[in-house]
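Asker: need coordinates for the below:
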Amino acid sequence: MKNLFLKLIYFVIAILLFVSGCLPTNVTSLKDPSYNNIIFRRILVIADFQKIEEMKEFESEMANEFKENGTFAVENHRVLPPIREYTYDEKVAVYKKYNLDGYILISPQGFQTATVYVPDVEKKKTTTTKDSNTISRETTTAVYPGGEMRVPTQFDAQIKFVDLMNGKVVWQSETETKLNKDSRMSEIFSSVCSNVVKQLKVDGVIKNNP
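Answerer: Take a look at the predicted model:
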C-alpha cells in the first residue's frame, strides 16, 4: 500500500515538475566594480547548513568544483570546523598556512513548495478458499484516503564571496534550483556548485581558463 501511495505521489509531482537531465540552477549575481581587475586564486569554502552531513557534503562539492576549474579551494570543516569560537590569531594562522585570499559563504534559504492533490487509493484483495471439492473466492476492497500534500519544487540559497584581506564583499548572488520528483540533495548541491563557479568565472572573480 505504501509503495502504491508513493507512486501516485511521484506521478502527480512528475506532471507538475518534470525536468529532463540535470537540475537547472539560475544564478543572479552582483559584483563590486572596484574588483574588476582582481582575480582570487585560493578560496576557503564555508557552508552555513544546520546539519553537519549537509555542510560537509556541500563544502566538499564546492571545493572540488573550484579545483576542477583551476582554482585552489579548501573546506572550512577541515581547517576551522565550526565546533567552537576561534581567535583572530587562529584564523589568520590558517589563512596564512593555505595562502588564502578569499572565502565563499553559502547560506541556504530553504525550499519552496507546491500543494498537490493525491487521489484515494483503492486496493483489492482476493482470497481463495478450498473446501472438499468446492473452491470459493472472496474479494475485499480497501480504500486508503488521499488528500493534499506539499512537495518541494525549488531550493534557494544566498552566496557571498569575500576578500579575506579586508573583509569586503566582492560578489554576491541568489540561486534558484528547480527540482523534480527524484531530486536528491547531492544533485541539488552539484547543480548549485557548478553553476556558481561558472558564474564566478563569467564575472571575473576567479580565473576563466580557456
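Asker: can you map out the helices along this protein?
Answerer: Secondary structure of the chain by DSSP state H: the helices cover 2-17, 52-68, 76-79, 88-97, 185-202.
Asker: I'd like the average pLDDT over the fourth one.
Answerer: Think helix 88-97. For helix 88-97, mean pLDDT is 96.
Asker: and for the last one?
Answerer: Per-residue pLDDT values across helix 185-202 average out to 94.
Asker: circling back to that earlier point, and of the helices of the chain, who's closest to residue 136?
Answerer: helix 2-17 (26.8 Å; C-beta to C-beta). Every C-beta, even on glycine, is put in place using the N, C-alpha and C of the backbone.
Asker: so what's the residue count around the nearest residue to residue 158 once chain neighbours are set aside?
Answerer: Among residues not flanking residue 158 along the chain, residue 107 sits closest, at 4.8 Å (C-beta to C-beta, 6 or more residues apart in numbering). Residue 107: 13 surrounding residues under other C-beta atoms under 10 Å.
Asker: ok, residue 96 next?
Answerer: Counted with other C-beta under 10 Å, residues neighbouring residue 96 total 9.
Asker: next: residue 192.
Answerer: Burial of residue 192, expressed as a neighbour count using other C-beta under 10 Å, amounts to 26.
Asker: from what I can see it touches residue 176, true?
Answerer: No: if you go by C-beta atoms under 8 Å, residue 192 and residue 176 don't touch, sitting 9.6 Å apart.
Asker: mutual contacts of the two, please.
Answerer: Shared contacts of residue 192 and residue 176 (C-beta atoms under 8 Å, 6 or more residues apart in numbering): 25, 155.
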